[in-house]
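# my questions concern the predicted model and sequence given below.
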Amino acid sequence: MSSLRVLLHAPTADSLARARRNARNLVKVHDDAQVRIVANGAAVAAALAEPDPVADSWLHLCRNSLIAQGLDNTAGHEEVEAAVVALAEWQAEGWRYIHA
């Protein structure tokens, strides 16, 4: 059986906090799960302001949101060009979408 592949979408600071908790809880139960947290909108600034050493290993920031908010990804998080495109492409590959 293949492992779970879960996309956690976080567009706000509150949803980013939930996505980080959800990701940690998911891998506690399914240690072979593949997780991606996709942050866009206000969640991008929150991710940069409040790092999470564990959950941020799964984090992908929307480059469009970085540019729109005049932010620099000085933390070196993974980036996607556009969150909406990345989410759609990954779902087409079989990843399961959850809105945090």
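On my side now, so go ahead. Keep in mind the model is a prediction, meaning the values are calculated, not measured. Residues are numbered from 1 along each chain as shown.
# average model confidence for stretch 8-20?
For stretch 8-20, the mean pLDDT works out to 98.
# how about the strands in the protein?
5-10, 34-39, 59-62, 78-80, 96-99 (DSSP state E).
# of all the residues in the biggest helix by length in the chain, which ones are buried?
Of all the elements of type helix in the chain, the one with the most residues (DSSP state H) is helix 13-29. Going by neighbour count (16 or more other Cβ atoms under 10 Å), the buried part of helix 13-29 is 13, 15, 16, 17, 19, 20, 22, 23, 26, 27. Using the backbone N, CA and C atoms, a C-beta is placed for each residue, glycine as well.
# the first one against residue 40, yeah?
No: applying Cβ atoms under 8 Å as the test, residue 13 and residue 40 come out as separate, 11.9 Å apart.
# what's the distance between the nearest residue to residue 96 once chain neighbours are set aside and residue 76?
Nearest residue to residue 96, sequence neighbours excluded (Cβ to Cβ, 6 or more residues apart in numbering): residue 6, at 5.2 Å. Applying Cβ to Cβ, to the nearest Å, the value for residue 6 to residue 76 is 23 Å.
# now residue 82, nearest residue through space, not along the chain?
Nearest to residue 82 is residue 64, by Cβ to Cβ, 6+ apart, at 5.1 Å.
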